[in-house]
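*Asks:* Show me the folded form of this:
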Amino acid sequence: MKVIIDGREKGILYKNGKFVKILDTGKYHVFGDSNIEPVSVFQAFVPVGCTIDSIMATGDGKEKLTLVEVADNEICFHYLDGNFREVFTAGRYGFWKEGGKHEFRMINIDNPDLTYAFTSAVVQKIPDKMYTEINVGSHETARLYFDNKYMGMLEPGKYYFWKGNINVTAEHEDMRTRQLSVTGQEILTADKVALRLNFTMFYKVTDARRVADIAQNLYEYLYSLCQLTLREYVSKYKTDEILENRDKISDEVINALREKTARSFIDISSAGIKDIILPGEISEIMNSVLAAEKRAQANVITRREEVASTRSLLNTAKLMDENATLRKLKELEYIERICEHVSEINVNGGKGLLAELSALLTDVK
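*Replies:* Numbers count the residues shown, from 1 in each chain. Predicted coordinates for the structure are as follows:
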């Protein structure tokens, strides 16, 4: 079999599975139990058919290869002719001296943070499986942990950590005002009516570091706290009192929540009972009562207007009894109103009707 080794390669000759020698550029023929392994002179060399140590033990190996050893707690950055080439984890690697000028940078990954040492452009060339990327948004901060031990806070930005012997995790905390809604909360009032309430609260974390010590899950903690506080205060009142004093009860609940979260590094900006939902039969009764009250109010108003109207008529009558001129003006006013609706008058049998009208209009008796 013919094998060609070009100028970018070396050949590793094996016979009966054992290393024989390193082949330079050229054309070779192999027979029987011999075979040639072509390898690039620009990349790290890890032989397939033998160990790197067996090759480095020969004169050819020592002359043509540079041996690099990467410990278990290290990462090796390989630069070729001043340019970043690749990354290596723990192991032993050979590099061909003919490939160019090799430089090696060993990084101890006992400290997982690689953000301080490399730019994002270099990090992007590292295989994803070798590092963890943590992104902290502009409205966030994050608690950093190494093997579940708190290490510090991460401000908005992008961070990179090695995937090694230390497990790196981060807990993000939103620093904006957040909304918590307790919906459909069923509470038994003092008069044994099962109301359903919708409650809304707006809150903000004031200390992202210490708030983690308050509860495992902040949202669930606050949700349960709202539930218990609502039950504590709403259940003291009767249904009518709850409907009439909704704002007052909301203020009581807010003050109680603020007192209970005073040391929880939470700032409650506002809260309140959003909806009060009555049971079906109670709602019908309340609607009936409301309708009856409105009808009674309407009747009172009607009677009041009737009394006022009657009193006005009585006063007018008294004035006309005392003043004949006023009475006559009132008669003329009504005649004028009648005439406005008369479009045609037919007079029969002399001048009797005209004389009567003239008498009315000229005050002739």
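
*Asks:* now the end-to-end length of stretch 23-43.
*Replies:* Using CA to CA, to the nearest Å, one end of stretch 23-43 lies 17 Å from the other.

*Asks:* What residues of it count as buried?
*Replies:* Going by neighbour count (16 or more other CB atoms under 10 Å), the buried part of stretch 23-43 is 23, 35-37, 39, 41-42. Placement of C-beta: from N, CA and C, glycine included.

*Asks:* Could you list which of the residues you listed belong to strands?
*Replies:* 23, 35-37, 39 (DSSP state E).

*Asks:* before we move on, the earlier item: so which of the buried residues of stretch 23-43 would you say is closest to residue 58?
*Replies:* Nearest to residue 58, judged by CB to CB, of the buried residues of stretch 23-43 is residue 23 at 13.0 Å.

*Asks:* Can you spell out which residues form a bridge with that closest one?
*Replies:* Under the criterion DSSP bridges, residue 23 forms beta bridges with residue 11.

*Asks:* so what's it up against?
*Replies:* Residue 23 makes contacts with 5, 10-13, 36, as judged by CB atoms under 8 Å, 6 or more residues apart in numbering.

*Asks:* what number of residues lie near residue 177?
*Replies:* By the criterion of other CB atoms under 10 Å, residue 177 has 12 neighbours.

*Asks:* Isn't it up against residue 270?
*Replies:* No - counting by CB atoms under 8 Å, residue 177 does not reach residue 270; the two are 9.5 Å apart.

*Asks:* Please identify every residue contacting each of these two.
*Replies:* Joint contacts of residue 177 and residue 270 (CB under 8 Å, 6+ apart) are residue 202.

*Asks:* Double-check that residue 317 belongs to a helix.
*Replies:* Yes - the assignment for residue 317 by DSSP: H, G, I helix; E, B strand; the rest coil puts it in a helix.

*Asks:* can you tell me how far it sits from residue 333?
*Replies:* 15 Å (CB to CB, to the nearest Å).

*Asks:* Same question for residue 2.
*Replies:* 133 Å.

*Asks:* do residue 300 as well
*Replies:* Residue 300 is 33 Å from residue 333, by CB to CB.

*Asks:* in what helix or strand does the residue nearest to residue 74 when sequence neighbours are not counted lie?
*Replies:* Leaving aside its sequence neighbours, residue 74 sits nearest to residue 106 (CB to CB, 6 or more residues apart in numbering; 5.1 Å). Element membership for residue 106 (DSSP states H and E) is strand 102-108.

*Asks:* Run through the neighbouring helices and strands of that strand.
*Replies:* Counting by 3 or more CB pairs under 8 Å, 6 or more residues apart in numbering; DSSP states H and E, the packing neighbours recorded for strand 102-108 are strand 65-70, strand 74-80.
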